[in-house]
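Undergrad: Sequence first, then the predicted structure:
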Amino acid sequence: HELGHASGDEQRLNRVKGKSFGDEDYAFEELVAEMTSCFTASRLVGDEQSVDNYLKENAENHMRYVKSWAKEIKKNPKCLEDAVKLAQTATDFLDLHGGYLTLSEYNCRQKDNPIELVNNNFVMKNALQSSIVIEPINIDMQPEEQSKGMRI
């Protein structure tokens, strides 16, 4: 979950995170981070039976985050679609850093968010054609530091 937040830092995928607990952007970022956690975990636990076991053991935690969005999703179903897209991008980004995806595979999946390797750094080209260096995620960093979007 915390790596999901870390992927959204302005030096990485540059997601809007919200200014304070409870505001809409903050809550939406929580939904994206939790979906990223689910997607990433499902890729890491292995075979289908292991995924089923993981989901049975952790469904309550995941559902707590997602359930709080039920009313908003009913009012605006597109917010769920948007969250899924952002979570998939974050999951692919984490998979790229973890060696589960090659750069070519990432770019094939994320045609709207292509990344290049420049001087051993992943660089994302934004709409203005300027480069953003994507800093690596330090998995040894404390979760509080990652969720604050600190540069690593």
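TA: Looks like it came in fine. Residues are numbered from 1 along each chain as shown.
Undergrad: Do a quick rundown of the strands in the protein.
TA: 115-118, 121-125, 131-134 (DSSP state E).
Undergrad: Mind telling me which of the ones you listed the model trusts least?
TA: Among those, strand 131-134 has the lowest mean pLDDT, at a mean of 48.
Undergrad: can you give me phi and psi for residue 68?
TA: When read as degrees, to the nearest 10, the backbone of residue 68 gives phi -60, psi -20.
Undergrad: Am I right that it is in contact with residue 34?
TA: No. The criterion here is CB atoms under 8 Å, and residue 68 misses it with residue 34 at 9.8 Å. C-beta: built from backbone N, CA, C; applies to glycine.
Undergrad: These two - which one has more neighbours?
TA: It is residue 34, of residue 68 and residue 34, that has more neighbours when counted by other CB atoms under 10 Å, with 23 against 13.
Undergrad: Please give me every residue in contact with the more buried one.
TA: 1, 4, 62, 65-66 (CB atoms under 8 Å, 6 or more residues apart in numbering).
Undergrad: Closest one to residue 90 out of those, please.
TA: residue 4 (5.4 Å; CB to CB).
Undergrad: Tell me how many other residues surround that closest one.
TA: Around residue 4 there are 28 residues (other CB under 10 Å).
Undergrad: Please apply the same query to the one 5 residues further on.
TA: Residue 9 is flanked by 20 other residues according to other CB under 10 Å.
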